[in-house]
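Trainee: Compute the structure for the input listed below.
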Amino acid sequence: MAYLNKVFLIGNLTRDPELRMTPKGTAICQFGIAVNRQFKDESGATRDETTFVDIEAWGKQGELVAKYLTKGSLAMVEGRLKFDQWEDKTSGQKRSKLKVVLDNVQFLSSKSGGGGGGGGSSAPMGDSDSGQGAPAPRAGRPAPSAPEGADEDVPF
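Mentor: I've put the predicted structure just below:
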């Protein structure tokens, strides 16, 4: 039997990333994103629904997220779902949480551009210290190149 645990989300960070180090020196960055969905209800009125998701990024990717993203930044996150369970030390109750462990991230808004909306670029975020908007390192795999002769005007 084949299994698949893969998540793709595009949203805005709900808080500044929090970077910590494990005792062995591995970086771990925790942040949250808000993912919006727009739909029409039974009466035909347009409604918005927001889902808040906690993200965990390890190693170099966690360091890059902490360095280049801030609250309000637009990002695409690729990862896997992880279900954590523990016992609350104060109440003794069992607790659980579903989160996304980041495999890849794409920065969709610029550092100097703030939280920005849907007009973000698909290029990695620039480093505002250079004054030239030089692209920052991209976390994860390089983007595949388009086939030769591919139309640049994508209809969506």
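Trainee: Let me know the average pLDDT across stretch 34-54.
Mentor: Confidence for stretch 34-54, expressed as mean pLDDT, is 94.
Trainee: Export it to PDB, keeping only CA atoms.
Mentor: The C-alpha trace of stretch 34-54 is given here as PDB (Å, rounded to 0.1, in the frame of the first residue of the first chain):
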ATOM      1  CA  ALA A  34      -2.800  32.200   7.900                       C
ATOM      2  CA  VAL A  35      -4.300  30.600   4.700                       C
ATOM      3  CA  ASN A  36      -7.300  32.200   3.300                       C
ATOM      4  CA  ARG A  37     -10.200  30.700   1.300                       C
ATOM      5  CA  GLN A  38     -12.900  32.600  -0.400                       C
ATOM      6  CA  PHE A  39     -16.200  30.900  -1.300                       C
ATOM      7  CA  LYS A  40     -19.900  31.600  -2.000                       C
ATOM      8  CA  ASP A  41     -22.500  30.500   0.600                       C
ATOM      9  CA  GLU A  42     -26.000  29.200  -0.200                       C
ATOM     10  CA  SER A  43     -27.300  32.700  -0.600                       C
ATOM     11  CA  GLY A  44     -24.600  33.600  -3.100                       C
ATOM     12  CA  ALA A  45     -22.800  35.900  -0.800                       C
ATOM     13  CA  THR A  46     -19.000  35.800  -0.900                       C
ATOM     14  CA  ARG A  47     -17.500  34.600   2.400                       C
ATOM     15  CA  ASP A  48     -13.900  34.400   3.700                       C
ATOM     16  CA  GLU A  49     -12.500  31.500   5.800                       C
ATOM     17  CA  THR A  50      -9.100  31.700   7.400                       C
ATOM     18  CA  THR A  51      -7.100  28.700   8.600                       C
ATOM     19  CA  PHE A  52      -4.200  29.100  11.000                       C
ATOM     20  CA  VAL A  53      -1.400  26.600  10.700                       C
ATOM     21  CA  ASP A  54       1.700  26.100  12.800                       C
END
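Trainee: Mind listing what's buried along it?
Mentor: For stretch 34-54, the neighbour count (16 or more other C-beta atoms under 10 Å) marks residue 53 as buried. Glycine gets a C-beta too; all of them are placed from N, C-alpha and C.
Trainee: As a check, name the ranges of all helices in this protein.
Mentor: 59-68 (DSSP state H).
Trainee: ranges for the strands of it?
Mentor: Secondary structure of the chain by DSSP state E: the strands cover 7-13, 18-21, 27-40, 46-58, 74-87, 94-107.
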